[in-house]
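Student: build me a model from this:
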Amino acid sequence: MTLGVGRRHLTGIVVSDRMTRTVVIRVTRLVSHPVYGRVTRRFKKFKADTGQHLPRLGDEVRVEESRPLSKDKRWRVVEVLRRGVGLVEDREAERVKELEAVGATRVKVHPKPAPAAADEPVKPSQEAAP
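Tutor: All right, here's what the predicted structure looks like:
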């Protein structure tokens, strides 16, 4: 792997591989609020040229900055770090756990609310009028 001198490098997860020779990666970063100190996750998407690499949906890749290749494409895939096996959200949660393990500030993840049960009685206001 040869890294370009003076070029920025980012690590992200492939969220779309539907275009020819182009992937969309999602880069996650942790940002601390300047006043309250709460740490939140920020996301940004970048389009990257694949070259000879063949990243698939869910793969973790490293990209480097390049000259403009098209209207939106300014990055090149340098290497595929890990092959994805699950959903992108699972990979994001795994990445946050890794960041917490190395000493990054803990990020609180709220569980999704459970869907309403199908066997609940219908309220009178929801019944159809005869």
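
Student: quick one: Val31 and Trp75, what's the gap?
Tutor: Distance of Val31 to Trp75, given as C-beta to C-beta, to the nearest Å: 21 Å. Every residue, glycine included, has its C-beta placed from N, CA and C.

Student: likewise for Lys47?
Tutor: Counting by C-beta to C-beta, the gap from Lys47 to Trp75 is 7 Å.

Student: same question for Arg18.
Tutor: Using C-beta to C-beta, we find Arg18 at a distance of 17 Å from Trp75.

Student: tell me which of the two has more neighbours.
Tutor: More crowded of Arg18 and Trp75, by other C-beta atoms under 10 Å: Trp75, with 25 against 8.

Student: which residue is the nearest non-sequential neighbour of the residue positioned nearest the centre of the chain?
Tutor: Note on the chain: the residue nearest the mean C-alpha position is Arg26, at 3.9 Å, using C-alpha atoms, centre = their mean. Closest residue to Arg26 apart from its sequence neighbours, by C-beta to C-beta, 6 or more residues apart in numbering: Val15 at 4.7 Å.

Student: next, count neighbours for Gly51.
Tutor: 11.
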